[in-house]
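Undergrad: Fold the following and give me the result.
(chains A and B)
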There are 2 protein chains.
Amino acid sequence: MINEVYRNMLAEKSVIRTIAEQATKRRGEIGADNVFDFSIGNPSVPAPRTFDDSMIELYRTADPMALHGYSPSTGNVRFKETIAASLNERFGFDYKPNHIYPTSGATAALCHALRATVCPGDEVVTFAPYFPEYLPYVQACGAKLTVLPPDTTAFQIDFDALGQAFNPNVAAVLINTPNNPSGAVYSEETLTRLGELMRRKQREYGHDIFLISDEPYREIVFDGKTQPYPSKFYDNTLSCYSFSKSLSLPGERIGYVAINPRATDADELGPIFTQVSRSTGHNCPTSSIQLAVADVAGETADLAVYETNMNIIYDTLVRLGFDVVRPGGTFYIFPKALEEDAVAFCSKAMKHDLFMVPSDSFGMPGYLRMSYCLDTDKVRAGMGRLEEFVREEYGK
Amino acid sequence: MINEVYRNMLAEKSVIRTIAEQATKRRGEIGADNVFDFSIGNPSVPAPRTFDDSMIELYRTADPMALHGYSPSTGNVRFKETIAASLNERFGFDYKPNHIYPTSGATAALCHALRATVCPGDEVVTFAPYFPEYLPYVQACGAKLTVLPPDTTAFQIDFDALGQAFNPNVAAVLINTPNNPSGAVYSEETLTRLGELMRRKQREYGHDIFLISDEPYREIVFDGKTQPYPSKFYDNTLSCYSFSKSLSLPGERIGYVAINPRATDADELGPIFTQVSRSTGHNCPTSSIQLAVADVAGETADLAVYETNMNIIYDTLVRLGFDVVRPGGTFYIFPKALEEDAVAFCSKAMKHDLFMVPSDSFGMPGYLRMSYCLDTDKVRAGMGRLEEFVREEYGK
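TA: Sure thing, here's the model as predicted:
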């Protein structure tokens, strides 16, 4: 008989996907030019040509037995060496290859990190607004996801709320910076305070508390700044990464967990991840993709368009009177809706063929997520439409 | 803190991997020519050149946004259409694309099939000798794996044992044909009796019982025969497949679950599998690999060497007085050891640089698995060494 757990999950259909499907339907009806779809976060810039060239070279010249053969259960050695060296150089770290565990994107990285460090009955703390998929990841561990209210002035961490929520059942804190959906970049100050609090709680409760850090937007930071590396601020950190955004490779399913070498049992965690893999059927990411990504690990796609788009949207939102925090990175912006009910606001916008995601599924009401993985011309046209919509519906 | 479930799994190190590691170590000491490694089942023939050509063509000419973009959550449509058409043609079926769910190899296929149809506390029945990884797959569902003793005359199903073992807790029967490690190919008669018994038990217990059929060796069948398609004999069948063996692509991680269109809730199972994926972080296999495999779905690597090797080994084993059933397929053979303790037998063989896997980890004692994914010259030389070993140690 079908396991009812999954049947029930099916009933909770993804809000983001439902809105995106409506946008797709509307494109069919009135043409893509007339639809302004700010709902889905799919990279809109091509992967670097060097990646494609590397794949072609592999398929042309590599020994087919080696190229198509099983990678070792802990991942391809060249991939692990390259990622360790790259992180060591950028962040002054001392990762060894055995601290890098290749996964099928950040999704698999997070699921491995959570399953390895969280037991049934444990609690995982995260902060609103948060990526809705965290809920099934945590629930599948038999654990409880506790979502703390946001600091809406800058979307950094509300440490009063965190201090009060901490209890001995908390096995892990799950952060996402740069943040989907708020676009916030956690500051050095935020990460320093978080590290201090978590160290104090570890001592107080006498057990490890892991920081699981979801970092797929690490390279999309604006104004010439960089994302402070969370693992530098707290030893028990598992950094979960995907090349989906930085190299525009979401369909190729490639990412990793980087285990802080000073984490408890750091050298044991890689082998523990292989056991998680055995029990979920994950195994390693595609071997050829591991090799080609190793060839281009220091590169990114041309990500500049996201900053251009953000500035256009931010300026428009401010001009139209929205309450909005300027994003430090990602390809999302998270303004407050112009009425209390963001679902109603987004429904009205849809009648103007403007597609945006209300914030309720991100763990807090009243806001909306706009994604700007779009051509800049499309963003400009969309801002025209937004202005019409706001004038007509809200008299602004 | 590290989840002890995985730490304990780590302690139960894979016997196959341990033996393969010893063989590798020995190759370093005395040279590969002097080591006869029948331990690991890695395909030994290259993938068809058409697959590599298809990958190169994709990376040269496809729209990079489409090629590297997310595939739909239920998989690439062209892959699903191609597989459905191929299975319909070969087996007279009526699969629609939504009955094909792409996975990262058979491992992920089995884990999806099991999680979707088995609940915590349920029982899954399989037959010795069985692939040892079934145990973590089933245990991760919170279910119990019941291993039934073998029919050692032909390694078909012992229906007396199965009839006695059946009980209302059985949610699924897990078969593997052609079989790793015995090489047995389940006959039409076996599959007919299995289907009849399972239908009777479904009626008796008033609930569905799924047949989960692990079929990565489907195309490696000897003597010009074919594997009868298990799903034809029982409607509630989920066929789990991998291209690892037929196309020699184990590292590329590509396979599928095919849902029998007459299974209960057949049209709901694909979406249910996406929910399993969400909770394990699987998502879809690499998008470019789905596309390239769709291009070559009807092909196989040149698999003839496995039959050549099997005949050489089988004839040698018979001549040396081993009790052995001639395999109908796969790249394994499963003779009885020449002493009761197969672990002792394999240890003695290792001193002659002959590496074989004792059957204990396959759920029954006293036998050994020999894999022949090797050049035929190597197999011939290995048979010479086997003869020396058997003469010296057992006076045959």
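Undergrad: How much space separates the nearest residue to residue A:234 once chain neighbours are set aside from chain B?
TA: Leaving aside its sequence neighbours, residue A:234 sits nearest to residue A:195 (C-beta to C-beta, 6 or more residues apart in numbering or on different chains; 3.9 Å). C-betas here are computed from N, CA, C, even on glycine. Separation of residue A:195 from chain B (C-beta to the nearest C-beta, to the nearest Å): 19 Å.
Undergrad: Residue A:195 is in what secondary structure piece?
TA: helix A:188-205 (DSSP states H and E).
Undergrad: just the CA coordinates of stretch A:233-250, formatted as CSV?
TA: Backbone C-alpha positions of stretch A:233-250 (Å, rounded to 0.1, in the frame of the first residue of the first chain) are rendered in CSV as follows:
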residue,chain,number,x,y,z
PHE,A,233,32.9,31.6,12.9
TYR,A,234,32.0,28.1,14.3
ASP,A,235,33.9,24.9,14.2
ASN,A,236,30.9,22.4,14.1
THR,A,237,29.8,23.7,10.7
LEU,A,238,28.8,21.7,7.6
SER,A,239,28.8,24.0,4.5
CYS,A,240,26.3,22.8,1.9
TYR,A,241,26.9,24.0,-1.6
SER,A,242,25.6,23.7,-5.1
PHE,A,243,27.0,24.8,-8.4
SER,A,244,23.4,25.3,-9.7
LYS,A,245,23.6,29.1,-9.3
SER,A,246,27.3,30.0,-9.6
LEU,A,247,27.9,27.9,-12.7
SER,A,248,24.2,27.9,-13.9
LEU,A,249,24.1,24.1,-13.7
PRO,A,250,20.9,23.2,-11.8
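Undergrad: Any buried residues in stretch A:203-214, and which?
TA: Buried residues in stretch A:203-214, defined by neighbour count with 16 or more other C-beta atoms under 10 Å in any protein chain shown: A:208, A:209, A:210, A:211, A:212, A:213, A:214.
Undergrad: Please apply the same query to stretch A:187-204.
TA: Buried residues in stretch A:187-204 (16+ other C-beta under 10 Å): A:187, A:190, A:191, A:193, A:194, A:195, A:197, A:198, A:201, A:202.
Undergrad: Closest one to chain B out of these, please.
TA: Distances from chain B to the buried residues of stretch A:187-204, taken as C-beta to the nearest C-beta, are shortest for residue A:202 (10.5 Å).
Undergrad: wait, the closest one sits on residue A:211?
TA: No. Here residue A:202 does not reach residue A:211: they are 10.6 Å apart, not a contact under C-beta atoms under 8 Å.
Undergrad: In terms of helices and strands, where is the residue in the stretch 101-250 of chain A positioned nearest to chain B?
TA: The minimum distance from the stretch 101-250 of chain A to chain B, using C-beta to the nearest C-beta, falls at residue A:111 (3.1 Å). Assessed by DSSP H and E, residue A:111 sits inside helix A:105-117.
Undergrad: after that helix, next one along is what?
TA: Using DSSP H and E, the next helix or strand after helix A:105-117 towards the C-terminus is strand A:123-127.
Undergrad: Show me what that following strand is packed up against.
TA: Other helices and strands packing on strand A:123-127, by 3 or more C-beta pairs under 8 Å, 6 or more residues apart in numbering or on different chains; DSSP states H and E, are helix A:134-139, strand A:144-148, helix A:159-165, strand A:170-176.
Undergrad: try it again with 7 Å
TA: Packing contacts for strand A:123-127, counted by 3 or more C-beta pairs under 7 Å, 6 or more residues apart in numbering or on different chains; DSSP states H and E, involve strand A:144-148, strand A:170-176.
Undergrad: out of those, deepest packed?
TA: strand A:170-176 (a mean of 25; mean count of other C-beta atoms under 10 Å in any protein chain shown).
Undergrad: what's in contact with it?
TA: Around strand A:170-176, the neighbours that count as contacts under C-beta atoms under 7 Å, 6 or more residues apart in numbering or on different chains are A:114, A:117-119, A:122-127, A:130-131, A:134, A:186, A:198, A:209-214, A:230, B:1.
Undergrad: partner strands of it, parallel or antiparallel?
TA: strand A:123-127 (parallel), strand A:210-214 (parallel) (DSSP bridges).
Undergrad: right, and the ones you listed - which one's nearest residue A:242?
TA: In terms of C-beta to C-beta, the element of those nearest to residue A:242 is strand A:210-214, at 8.9 Å.
Undergrad: just to revisit the earlier point, JSON lines for the strands paired with strand A:170-176, including mean pLDDT and distance to residue B:318?
TA: Shown next, in JSON lines, are those (pLDDT from 0 to 100; distance: least, C-beta to C-beta, whole Å):
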{"stretch": "strand A:123-127", "mean pLDDT": "98", "distance to residue B:318": "59"}
{"stretch": "strand A:210-214", "mean pLDDT": "98", "distance to residue B:318": "57"}
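Undergrad: Make JSON lines out of those and add distance to residue A:379.
TA: Putting the strands paired with strand A:170-176 into JSON lines (distance: least, C-beta to C-beta, whole Å) gives the following:
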{"stretch": "strand A:123-127", "distance to residue A:379": "28"}
{"stretch": "strand A:210-214", "distance to residue A:379": "26"}
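Undergrad: Out of these, flag the one nearest residue B:253.
TA: Nearest to residue B:253, of the strands paired with strand A:170-176 and by C-beta to C-beta, is strand A:210-214 at 23.1 Å.
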